[in-house]
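Asker: when you get a sec, could you give me coordinates for this:
(one chain, ligands or ions: 2)
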Amino acid sequence: MSTKRQYKFSFGPWNISEGADPYGPPTRPPQTFDWKLGKLKELGFDAMMFHDDDVVPDLDSKSAEQMRKEAKEVKKKLDDAGILAEIVAPRLWFSPMTIDGAYTSNDAKARKFAVDRSLRCIDIAKILDCDLIVLWLAREGTYLREAKNCKRSMDFLVQAMDKMLAYDKKIRIAIEPKPNEPMDMAYIPTMGHAMAIAHMTSDPKRVGGLVETAHAFLAGLDPADEMEFAMSFGKLWSVHLNDQNGLKFDQDKPFGSNNLRSAFNQVRVLERNNFGAKGECVAFDVHSFRATKTEHMVDHLANSRKTFLKLVEKVRSFDDAAAQKLIADRNYQALDQMVIDHLLG
Ligand code: GLO
Ligand code: MG
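Answerer: Ligands and ions are numbered 1, 2, ... in the order given. Model (predicted):
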C-alpha cells in the first residue's frame, strides 16, 4: 500500500455502558456526557456518534425551541473539544409508540410518530453540522410473520425515507442492517436489502449503508464482503467494527476479539477501497464485558482502536505480489498458510 492514510475514529456515548443485562443490574456507575467526551478525546478519537436523544434527552417531551437550545449546547461542547459529530440516529425503539415497530407499525399514528421523530433527528443533526443520519431499523420486523406484510412494510419504509430526503436536501441516510434482535426477523437484514431499497427511494444517491461486523455474522455473512459490496456501489458511509462469537445475542465484543482473521480482512477491504478518503469514520460499536471493573470501563474502545491500527500495519505489510503468484498457481493451500503466518507475525 503506497498511501499512508490516517483514519478518523468514533464511538457513541452508549459504548461506555454500565453492564446491565436482562438478567442483572448494572455493574458499573453511569458517567456523564462530559466525562465520556473527555475520554473520547483522551483516547485519540476524532468524532462522536449520537442518537437524537443522546443530544437532547427526553426528546419527545421537549419543544422545538428547547430542542434547538440543547442541541446548540452540545455542539458548543464538541467544538470546544475539537470533536466532530459523525452520525445522528433516531432512537425509534424505546417509545411506547413504537412497541410494534416504527415506520412499519400496523398503527398509522405510530408510523406518523416515527416520521416526525426522524425529522426532529434531522434538525438536531443540522445543528451538529452532521449530514449523516443512520437508520438502525430495530423494530421494523416481526415476532411472527403473519403480523405484517413485507411488501406493505417496504412501501412504508420507502415513504418514510422519502419524507426525510425531502425535508432536507443535504442529508444522507445510511441504513444499518441487522437480521434479528430485538425482533425475531427484521426487515432489511443485510446490505443487499439496504442497497436494493435505496434504489426505490426518491433520491437513491443519498441512501447508503453502514456495516456492523456483528450484524453480518448474525446474518451468517462475511463482514468484509458486506463492506466491499456496499463500497462497490460507492455507498459504505460508516462501519461499526466489533466482534461476535457465532449465532447468539448481539455481543458487540472488542474488534478482533473473536475472529482476528476476519478483522484483518475487514481492514483489508477498507484499505484497498480508500475508505475514509471522503471523510468516513471508523466507528467501534463495542461494549465492555459485564465483568469489567469501573477503572477499565473504556479499555474496550482503546483496545479496538489499537487492534485496528495494528491490523492496518498487517495489511500494508502483506506481500500482495507473493499472494498474487499463489493465486495464479491456484495454490490456495499456501495462500492460507501465508495469511496465518503473517498474522502470527
Ligand atoms: C444495535 C445497533 C445499535 C446502532 C445504534 C446507532 O444492534 O448496532 O448500536 O448501531 O443504535 O443507530
Ligand atoms: Mg451498530
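Asker: just the strands in the stretch 201-345 of the chain please.
Answerer: Counting by DSSP state E, counting those that start in this stretch, residue ranges of the strands within the stretch 201-345 of the chain are 207-212, 236-241, 281-284.
Asker: which one is Gly246 nearest to, not counting chain neighbours?
Answerer: By the measure of CB to CB, 6 or more residues apart in numbering, the closest residue to Gly246 outside its immediate chain neighbours is Phe217, 7.4 Å from it. The way it works is simple: take the backbone N, C-alpha and C, and place the C-beta from them, glycine included.
Asker: check contacts around that neighbour.
Answerer: Phe217 sits next to 223, 244, 246-247, 259 when contact means CB atoms under 8 Å, 6 or more residues apart in numbering.
Asker: contact partners for Asp162?
Answerer: 201-202.
Asker: that one sits in which helix or strand?
Answerer: Using DSSP states H and E, Asp162 sits within helix 150-167.
Asker: orientation of that helix relative to strand 207-212 in degrees?
Answerer: 110 degrees (axes from the mean of the first three to the mean of the last three CA atoms, to 10 degrees).
Asker: can I get helix 150-167 in CSV, CA atoms only?
Answerer: In CSV, the C-alpha atoms belonging to helix 150-167 read as follows (Å, rounded to 0.1, in the frame of the first residue of the first chain):
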residue,chain,number,x,y,z
CYS,A,150,-43.4,-7.5,3.7
LYS,A,151,-44.4,-5.5,0.6
ARG,A,152,-46.5,-3.1,2.6
SER,A,153,-43.6,-2.7,5.0
MET,A,154,-41.2,-1.9,2.2
ASP,A,155,-43.7,0.7,0.9
PHE,A,156,-43.8,2.3,4.4
LEU,A,157,-40.0,2.3,4.7
VAL,A,158,-39.6,4.0,1.3
GLN,A,159,-42.3,6.6,2.2
ALA,A,160,-40.6,7.4,5.5
MET,A,161,-37.1,7.7,3.8
ASP,A,162,-38.6,9.9,1.1
LYS,A,163,-40.1,12.2,3.7
MET,A,164,-36.6,12.5,5.3
LEU,A,165,-34.9,13.1,2.0
ALA,A,166,-37.4,15.8,1.0
TYR,A,167,-37.2,17.5,4.4
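Asker: any idea how far that helix is from the chain center?
Answerer: Centroid separation between helix 150-167 and its chain, computed with CA atoms, centre = their mean, to the nearest Å, is 21 Å.
Asker: contact residues of the protein facing ligand 2?
Answerer: Along the chain, the residues adjacent to ligand 2 under the rule CB under 5 Å from the ion are 212, 240, 285.
Asker: 8 Å instead, please
Answerer: Residues of the chain lying near ligand 2 by CB under 8 Å from the ion: 136, 176, 178, 210, 212, 214-215, 240, 242, 252, 283, 285.
Asker: between the residues you listed, which sits nearest Lys72?
Answerer: Checking the residues of the chain next to ligand 2 against Lys72 by CB to CB gives Ala283 as the nearest, at 23.9 Å.
Asker: who are the contact partners of that closest one?
Answerer: Counting by CB under 8 Å, 6+ apart, Ala283 touches 9-12, 47, 49, 86-87, 238-241.
Asker: quick one, phi/psi of the closest residue to it other than its chain neighbours?
Answerer: The spatially closest residue to Ala283, leaving aside those adjacent along the chain, is Ser10, at 4.5 Å (CB to CB, 6+ apart). Reported as degrees, to the nearest 10, the phi and psi values for Ser10 are phi -150, psi 160.
Asker: repeat for Gly141
Answerer: Reported as degrees, to the nearest 10, the phi and psi values for Gly141 are phi 180, psi -160.
Asker: tell me the contacts of Ile197?
Answerer: With contacts taken as CB under 8 Å, 6+ apart, Ile197 has the following neighbours: 154, 157-158, 161, 175, 188, 207.
Asker: which of those residues lies closest to ligand 1?
Answerer: The shortest gap between ligand 1 and any of the contacts of Ile197 belongs to Ile175, at 10.0 Å (CB to the nearest ligand atom).
Asker: on the three-state scheme, the closest one is what?
Answerer: At Ile175 the chain is in strand, as set by DSSP: H, G, I helix; E, B strand; the rest coil.
Asker: can you report how many residues neighbour the nearest residue to it once chain neighbours are set aside?
Answerer: Excluding the flanking residues, the one nearest Ile175 by CB to CB, 6+ apart is Ala194, at 4.0 Å. Residues lying near Ala194 (other CB atoms under 10 Å) number 27.
Asker: can I assume Ala194 sits in a strand?
Answerer: No. Following the definition three-state DSSP, Ala194 is helix and is not counted among the residues of a strand.
Asker: and the residue nearest to Val56 when sequence neighbours are not counted, what element?
Answerer: Nearest residue to Val56 in three dimensions, chain neighbours excluded: Glu70, at 4.6 Å (CB to CB, 6+ apart). Glu70 is located in helix 64-81, with elements delineated by DSSP H and E.
Asker: what's the next secondary structure element after that helix?
Answerer: Following the chain from helix 64-81 toward its C-terminal end, the next helix or strand by DSSP H and E is strand 84-89.
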